[in-house]
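Trainee: My questions concern the predicted model and sequence given below.
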Amino acid sequence: VSVKNVLNKSKCLIQVAEEQSVVTSRDGVFYGTISLNKIPKGSYDVQLFLDTEVENHFSSFLSRQITITYSNGSWGFPDKANTNTNLSISKRKNSNTVTMLPVTPFVKDASNQIVVNCKSDIEKVAGIYYWLSNNVSYGIKNMYHGSYHVPDDVLTYNHAVCYGYATTFQALCNAQNIPCVIYTGWAYGADGTTERHAWNEVYINGNWHFI
């Protein structure tokens, strides 16, 4: 695995399932290996988290879904022939090209209904934000349906945890050709505790804004 160091961090945690490898930056790139021998055959997301020498935890960089699959006797990346490349755009974020993720017709229809009276991207983003805030409850009800993180299920069952809000917000924005990325990291409580969290950054009128 090679990862361009886009946030000037010094360490990168590479994780597939329960297997992990920590590597340091060399010439602006993280180079590392991770063993897949102990991982059951299947399909997994490759997770990448960045850190510095002085911090005590890893926080993720742009959350892009990098999937690795065991097929035909070996590990590899899924066939990209099934990926919708027509939605690729050239917006840049932290030296990475941000790619519009394909959305289902269900998500597209929901997005169009939410922004039906909006005339600009900023109105669309605000409309999507307030719609999610007012219509999706925080919780894990119906988690067995996947509703805690899959946009179609979040919009069906109206329940999600933070990552579900983030993936659904991204999908609804992407349906309107508005670039949006997901971050995952840590939220700090007033009592000093931390827990995993997810949020978005969206591209409006030539600038990126955290949501």
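Mentor: Alright, I've got the coordinates.
Trainee: In this structure Glu201 contacts Pro179, no?
Mentor: No - counting by CB atoms under 8 Å, Glu201 sits too far from Pro179 to count as a contact (9.0 Å). Yep, even glycine has a C-beta here, placed from its N, CA and C like the rest.
Trainee: The two - which one has more neighbours?
Mentor: Comparing Glu201 with Pro179 by neighbour count (other CB atoms under 10 Å), the higher total belongs to Pro179, at 21 against 18.
Trainee: The more buried one and Leu36, how far apart?
Mentor: 32 Å (CB to CB, to the nearest Å).
Trainee: same check, this time on Tyr70
Mentor: Here the criterion is CB to CB. By it, Tyr70 lies 8 Å from Leu36.
Trainee: following the helix or strand harbouring Asp109, which helix or strand shows up next?
Mentor: Here Asp109, judged by DSSP states H and E, is contained in helix 105-114. Next helix or strand after helix 105-114 toward the C-terminus (DSSP H and E): helix 121-135.
Trainee: If you count contacts, what does the following helix or strand past that next one end up packed against?
Mentor: Per DSSP H and E, the first helix or strand lying C-terminal to helix 121-135 is strand 137-138. Here strand 137-138 touches strand 159-160, going by 3 or more CB pairs under 8 Å, 6 or more residues apart in numbering; DSSP states H and E.
Trainee: Could you name the helices and strands sitting against the strand it packs on?
Mentor: Strand 159-160 is packed against strand 137-138, with contacts defined by 3+ CB pairs under 8 Å, 6+ apart.
Trainee: who touches the strand it packs on?
Mentor: With contacts defined as CB atoms under 8 Å, 6 or more residues apart in numbering, strand 137-138 is touched by 158-162, 165.
Trainee: again, only this time at 6 Å
Mentor: Taking contacts as CB atoms under 6 Å, 6 or more residues apart in numbering, the residues outside strand 137-138 that touch it are His159.
Trainee: Quick check: mean pLDDT of that strand?
Mentor: Per-residue pLDDT over strand 137-138 has a mean of 88.
Trainee: Each with direction, which strands does that strand pair with?
Mentor: Note on strand 137-138: by DSSP bridges, its sheet partners are strand 159-160 (parallel).
Trainee: Any idea which helix or strand in the protein has the lowest mean pLDDT?
Mentor: Here the helix or strand of the chain ranked lowest by mean pLDDT, DSSP states H and E is strand 88-93, holding a mean of 43.
Trainee: Measure how buried the residue nearest to Trp186 when sequence neighbours are not counted is and give me the count.
Mentor: Once flanking residues are discounted, Trp186 sits nearest to Thr194: 4.6 Å by CB to CB, 6 or more residues apart in numbering. By other CB under 10 Å, the residues close to Thr194 number 12.
Trainee: now Gly127
Mentor: 18.
Trainee: hang on, isn't it packed against Gln113?
Mentor: No - with contact defined as CB atoms under 6 Å, Gly127 does not count as touching Gln113 (10.1 Å).
Trainee: how about the longest strand along the chain: buried residues?
Mentor: Secondary structure of the chain read by DSSP state E shows that its longest strand is strand 194-204. Applying a neighbour-count criterion of 16 or more other CB atoms under 10 Å, one finds 197-204 buried in strand 194-204.
Trainee: From those, pick the one nearest Asn134.
Mentor: Asn200 (17.2 Å; CB to CB).
Trainee: Many thanks, have a good one.
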